[in-house]
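A.B. asks: Predicted structure and sequence below. I'll ask about it afterward.
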Amino acid sequence: MPLNLPILLTWLRVALIPLVVGVFYLPESVLAPHLQNVFAAGFFVIAAVTDWLDGFLARRWNQTSSFGAFLDPVADKLMVVAALLSLLALDRVSDLIALIIIGRELTISALREWMAQIGASKSVAVNFFGKLKTACQMTAIPLLLWHDPVGTLDTARIGTWMIYAAAVLTLYSMFYYMKLAWPQIRERSR
């Protein structure tokens, strides 16, 4: 396993996951509910920034590796799933939305793994729709974690609309990837 700054940033993202979730388990005498929201949102934003930064630095410094290519999407999925499960427990996101987003992540991860095994991974490489879905998720989740109004800004309402948009983009991007992979699926199922 190579040890460089991009890999360390990815590991930092993994290490932040228990902090995003864990603050909600602290008693109110230790951390008031408002501060739980602030810390959870802050940890998630730091993790989301490392998601962008590790990839940027790995490409810029030519420090890409197969281990980094494996660990980065795993860290991303763990971060999103952990946050969604916390939001589900806090009743800030619906079961259906969480199921759509988590189900898509599992489906597309499995599809990419299968496509890589048959040597066709480029046909399901990340594209614009996947990036747009990620941007919506990475905006919606910290707004829902924060949850409290900021002045006249209703973060809960904006976060809810953004997570709905993320769910729609999630479904669209999943069907888009499945359409790209369909010729390979059909050919190998004969």
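C.D. replies: Happy to help now that I have it.

A.B. asks: so where do the helices sit in this protein?
C.D. replies: Per DSSP state H, the chain carries helices over the ranges 5-22, 33-60, 66-89, 95-117, 128-146, 155-188.

A.B. asks: Look up how far residue 38 lies from the most centrally placed residue in the chain.
C.D. replies: By CA atoms, centre = their mean, the mean C-alpha position of the chain lies nearest to residue 80, the distance being 3.7 Å. Distance, residue 80 to residue 38, by CB to CB, to the nearest Å: 20 Å. Placement of C-beta: from N, CA and C, glycine included.

A.B. asks: do the same with residue 63
C.D. replies: 33 Å.

A.B. asks: For the chain, give me the ranges with low pLDDT.
C.D. replies: Within the chain, the stretches with pLDDT under 70 are 1, 121, 123-125, 190.

A.B. asks: change it to 90
C.D. replies: Where the chain drops to pLDDT under 90, the residues are 1-4, 51-52, 55-56, 58-59, 63-73, 108-131, 173-190.

A.B. asks: follow-up on the earlier one: from the helices of the chain, which stretch is densest packed?
C.D. replies: Comparing the helices of the chain by mean neighbour count (mean count of other CB atoms under 10 Å), helix 128-146 ranks first with a mean of 21.

A.B. asks: contact partners of that helix?
C.D. replies: 20, 37-38, 40-41, 44-45, 48, 51, 76, 80, 83-84, 86-87, 92-93, 101, 155-156, 158-160, 162-163, 165-166, 169-170, 172-173, 176-177 (CB atoms under 8 Å, 6 or more residues apart in numbering).

A.B. asks: Just give me how far that helix sits from the chain centre.
C.D. replies: 8 Å (CA atoms, centre = their mean, to the nearest Å).

A.B. asks: Next: stretch 155-169.
C.D. replies: The answer for stretch 155-169 is 14 Å, by CA atoms, centre = their mean.

A.B. asks: Which residues does that stretch contact?
C.D. replies: Taking CB under 8 Å, 6+ apart as the rule, stretch 155-169 contacts 92-93, 96-97, 100-101, 129, 132-133, 136-137, 139-144, 146-149.
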